[in-house]
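>>> sequence and predicted model, in that order:
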Amino acid sequence: MGSTPARPRSGRLHAFRRSSSPPGPDTAFVVIQGFAFTPAVTQVVAGTRVVWINCEPSGTPGHTTTAVSGAWDSPTLTSGEVFSDVPAAGSHDYYCRVHPFMTGQVVVQ
Ligand SMILES: [Cu+2]
């Protein structure tokens, strides 16, 4: 019953590095906080998944990310909730249906 403790440990380290590495070029994040989308303009290459994360404090009224064109429309996201979409090439203006003064843009090249 010989064991090789070194190998599993090495594997775990590898897994840790993978999980903690920054998001790849296929994902872009937009933070929703302070009744604003940050960054206001997100520029990505075609095929990128854009992820909106509601980072408002708990209890803050929910937000949506809604493309003016109708290309995507999230449900109302409360604190901690996430929505994602892979927008087609082009320039997409979007806003929050609950707070229409909240606007942003995704530019897909
Ligand atoms: Cu809102």
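Structure received.
>>> beta partners of the residue nearest the centre of the chain?
Note on the chain: the residue nearest the mean C-alpha position is V51, at 1.9 Å, using C-alpha atoms, centre = their mean. For V51, the beta-bridge partners are F29, S84 (DSSP bridges).
>>> shift numbering so it begins at 875
I'll keep to 875 as the first residue from here, and by that count the last item is V925.
>>> against S953, how distant is it?
For V925, the distance to S953 equals 16 Å [C-beta to C-beta, to the nearest Å]. The way it works is simple: take the backbone N, C-alpha and C, and place the C-beta from them, glycine included.
>>> with Y969 instead?
Counting by C-beta to C-beta - Y969 and S953 are separated by 19 Å.
>>> got a list of what F957 touches?
925-926, 939, 946, 948-949, 951 (C-beta atoms under 8 Å, 6 or more residues apart in numbering).
>>> quick one, what contacts the closest residue to it other than its chain neighbours?
The spatially closest residue to F957, leaving aside those adjacent along the chain, is S948, at 3.8 Å (C-beta to C-beta, 6 or more residues apart in numbering). By C-beta under 8 Å, 6+ apart, the contact list for S948 reads 926, 938-940, 957.
>>> T934 too?
Taking C-beta under 8 Å, 6+ apart as the test, what T934 contacts is 952-953.
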